[in-house]
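Undergrad: Attaching a predicted model along with its sequence, questions to come.
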Amino acid sequence: MPAQHWLVKSEPAKYSYQDLERDGSTLWDGVRNNQAALYLKAMKLGDQAFFYHSVEGLAVVGIAEVCKEAFLDPTDPKGRFVAVEFKPVRPLAQPVTLAAMKAEPALADMAMFRQFRLSVCPIRDEEWATVLRLAGE
């Protein structure tokens, strides 16, 4: 099965793409939404994700890659939710803002726009290519 693409959101004041680059990898933990948790469980080694800065910045700023598939989230005392581990791939040539994505007709059906509160969502191949084009890549 070919690698899938995802979008993960983080508030840069809490954990930014620059933090991921500095750390070399990070656990994507603390996800307590059932739909987002299902997406984490579906991630496979080598899948790539756009790293989106939420709250501040409101833009896709980089690409991360799954380097460890779903495992029990160490921050969940009940043992119901999972985490994955990401490593940085590269920052985008230029950030792609939420406004730019919403203005792009090819992105109108993005899962991110249908379930905006989710911190993890899938990205279709054509959406992935469109965001990369908007980033100047």
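TA: Nice, thanks for sending it over.

Undergrad: Going along the chain, name the strands of the protein.
TA: 5-10, 26-28, 48-53, 59-72, 82-97, 120-123 (DSSP state E).

Undergrad: which residues touch the last one?
TA: When you say that, I think you mean strand 120-123. 4-9, 28, 31, 36, 39-40, 42, 49-50, 110-112, 115, 131 (C-beta atoms under 8 Å, 6 or more residues apart in numbering). No exception for glycine: its C-beta is placed from N, CA and C like everyone else's.

Undergrad: Could I get the average pLDDT for it?
TA: Across strand 120-123, pLDDT averages out at 95.

Undergrad: go on, the first one?
TA: The pLDDT scores in strand 5-10 average 96.

Undergrad: Strand partners (parallel or antiparallel) of it?
TA: Using DSSP bridges, strand 5-10 pairs in its sheet with strand 48-53 (parallel), strand 120-123 (antiparallel).

Undergrad: A106 touches E127, doesn't it?
TA: Yes: under the criterion of C-beta atoms under 8 Å, A106 makes contact with E127 at 7.2 Å.

Undergrad: Please say which of those two ends up with more neighbours.
TA: E127 (22 against 15; other C-beta atoms under 10 Å).

Undergrad: What residues does that one make contact with?
TA: 5, 106-107, 110.

Undergrad: picking that back up, return the members of the contacts of strand 120-123 classed as buried.
TA: Neighbour counting over the contacts of strand 120-123 (16 or more other C-beta atoms under 10 Å) leaves 4-9, 28, 31, 36, 39-40, 49-50, 110-112, 131 as the buried ones.

Undergrad: Near G136, how many other residues are there?
TA: Using other C-beta under 10 Å, G136 has 9 other residues around it.
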